[in-house]
Every structure is written in structure tokens, then in C-alpha cells.
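**Q** below is the sequence, then the predicted model.
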Amino acid sequence: MSGESTPQNGSSRRPSIYDVAERAGVSHMTVSRVLNGHPNIREATRERVLSAIDEMSYTRSTIARALATKRTMRIGVLVDGPGQHGPNSTLRALESAARERGYSVSAFSVADDDNHRIDDGVLDLLTQGVDALCLIAPRASSLDVLRKQSIGLPILIIKDEADAEMHTAAVDQRAGADEAVRHLIDLGHRVILHLSGPTEWFDARARAEAWRDRLTNAGLEVRDPVVGDWSSDSGYAYGLSHDLGDATAVFASNDQMALGVVHGLVERGLRVPEDISVIGFDDLPDARHFLPPLTTVRQHFDALGRLAIRELLIAIDGGESDERALIQPTLVIRSSTAVPRSR
């Protein structure tokens, strides 16, 4: 039998002992007795359990490991804002890293306007018997809801702020934003505007704070940022109509808004980067194909997934994991930023 599974429901996760039990129509303890050769099992039941294991393409060694450790070998993941590039990419990275360690991932998505479903998500995942929980890209309100839960399992939050109650892992948002603004300052820009993400998002806050701190430390003026909604449309509206004054650069809090900013600026008759430079954050797969190709900050989601799973497994084993584990981002310089010229 193969060590990889192709579940019948189309999910990419590996089935657990509970999935095998459900397929066979028995309890997980019956599956345990079958695998351990218990004599008081009817032959028809034994055959049904073994057939379910074969049908689900699952290795008995993995199930045996789950039985021996009293674990389900499954991580529960709450995905806050699943439609955004960061949360979606982080989930895929977590799934890949978990598979490498013999674990599966069960995910529950919470829409941007429905943070109260965090309660439903926690209940859903706990019902599946997960060994730990991970919350991806939380908004402050979602994390507040989670704090009220009595879970009794290791919890890790994907955010770069330290947390007194839970472990965290993240790409260092402040470091990435600082690199972006420092790049613009090194080019000679002195008035650098910021189009931020929604202020309830921790990542947006961190990027805005780093932008403000870097300008302050350089002795440059800090003008009030405009708050976008992560979408290209909000960037477009900003680029088309915002009063730029004497600004020569815009730092957009993600690549999608940066794309919209460039579109809006060009439509109003400005050239990028000749008249104004634009820099983003994320390094979307298509960022290199924007016109002009976008200077941005690359988030290493694969490394983040491996780091988060490593920290969770350490916590599951009762070890001491890092309270705040960070991955360093990378500045990617392309054609949307240049030395400022007078307009």
C-alpha cells in the first residue's frame, strides 16, 4: 500500500484512524484492536477494517504510530481571510510541511466579514480530534474570539507580534517593510506615502509601523497613510485620485494594491517609475510581469510552513518551542522603483 493517500472526497489531507473507522462503520478502538491482532474481533469486522485501510491507500505503520502515541496525526488550521494571497499561501505551505512529517491538516476557513465563525471552526476541528491548532493571518477580532475558548491543545498563531499566551511564527513583517522603505530612501526619495492594508490585520499594522519608524529615524516627514482593503480596486482608486503633493514614492502594503496604484497613476498621466516609484509586498507569482515589473518584498511561505509545523510538533511533544519564531523576507528589486526626478 502507498504511504500517500488520495481520499475519496477530494481532500488533500491524509485520513486518520477516525476516517478509517468511519469508512468501516466501526469505532476507532475497533480499528486499534484489528491492527493489534486482538482475538475477540469477528472476522467480518476485521475484513471490513482492513478493506477500508486498503481503499483509503493508507499505511498501517502510520495508523499504528497514531495508536502508539495516542495522537490523530492531524493539525487543525483556522484560516482567517482565506481569499487573500498570504493566508492561502500559508495554508498550502502548512499542508506540505505537515505531510513531510507524517501529519495531515484539517482546515476551517473564516470569511473576512464573519469572524464569529471562529467558534464554529474551533468546535469543528476539535471534533475531528486534532493534536494542535494553528490560526493563520488573524485579525485582532478573530484572535480575541479564540482567546475566549478553552481548548487544552497547543496553539500557534501566524503573526509576527509576540503573544503572552500563545506561540507565534511568521515572516518578519516589520523587517520586510523596513527594507522596502529603506530601499526608497537609499534611492533618494524623501516624501514616501503609504497605502496600508485594513488596520484590523496584524500584518497591515506591522508594515505601517515599520514604514513610520523608518521615516522617523531618517528624519523624514510622516504623512497619514490611506487605508485600503488589500484589493487592486482600492489601489486603483488611490492611484487615480489621491493627492500626491510632492511625493515621489508610494509603498503599498501588498502587491495587489500596488498593481492598482500603478494602473491609477498611469491613467491619470503619470509614469512609473519616472514620475513616481511604487513598491509592494508579497512578491505575487505575477509581480515580475506587471508593467513595469514590480519591486516588492518576497515572503518565503514554504519556509514559514516548515517553521510553524516544527514549532507545533515540538509543543505537541511537550518540548520548549520558540515563543516567537520568524522567517526573514527578501527585497526583490525590479523596474517600478528608481531615483526620483522632479515632476
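**A** Received it, and whenever you're ready, just let me know what you need.
**Q** how about the strands in this structure?
**A** If DSSP state E is used as the criterion, the strands of the chain fall at 74-80, 104-110, 132-136, 155-158, 167-171, 192-196, 226-227, 249-252, 277-279, 296-298, 324-327, 330-332.
**Q** residues of the last one that come out buried?
**A** Using 16 or more other C-beta atoms under 10 Å as the test for burial, strand 330-332 gives 331-332. The C-beta positions use only the backbone N, C-alpha and C, and glycine is treated the same way.
**Q** contact partners of it?
**A** With contacts defined as C-beta atoms under 8 Å, 6 or more residues apart in numbering, strand 330-332 is touched by 176, 179-180, 183, 283, 287, 295-298, 300.
**Q** and the nearest residue in space to residue 223 that is not next to it in sequence, how far is that from residue 335?
**A** Nearest residue to residue 223, sequence neighbours excluded (C-beta to C-beta, 6 or more residues apart in numbering): residue 193, at 6.2 Å. For residue 193, the distance to residue 335 (C-beta to C-beta, to the nearest Å) stands at 20 Å.
**Q** deepest-packed of the strands of the chain, please.
**A** Of all these, strand 249-252 has the most neighbours on average by mean count of other C-beta atoms under 10 Å, namely a mean of 30.
**Q** is it correct that residue 193 is in contact with residue 253?
**A** No. At 11.6 Å, residue 193 and residue 253 do not qualify as touching, with contact defined as C-beta atoms under 8 Å.
**Q** residues contacting the residue nearest to residue 223?
**A** 223, 225-226, 242, 244, 247, 249-251.
**Q** columns pLDDT on top of these, output as JSON lines?
**A** Shown next, in JSON lines, are these (pLDDT from 0 to 100):
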{"residue": "223", "pLDDT": "97"}
{"residue": "225", "pLDDT": "98"}
{"residue": "226", "pLDDT": "98"}
{"residue": "242", "pLDDT": "97"}
{"residue": "244", "pLDDT": "97"}
{"residue": "247", "pLDDT": "98"}
{"residue": "249", "pLDDT": "98"}
{"residue": "250", "pLDDT": "98"}
{"residue": "251", "pLDDT": "99"}
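**Q** widest-spaced pair of the residues you listed?
**A** Across those, no pair lies farther apart than 226 and 249, at 14.3 Å, counting by C-beta to C-beta.
**Q** hang on, residue 55 packs against residue 22?
**A** No. Using C-beta under 8 Å as the test, residue 55 is too far from residue 22 to be in contact (12.0 Å).
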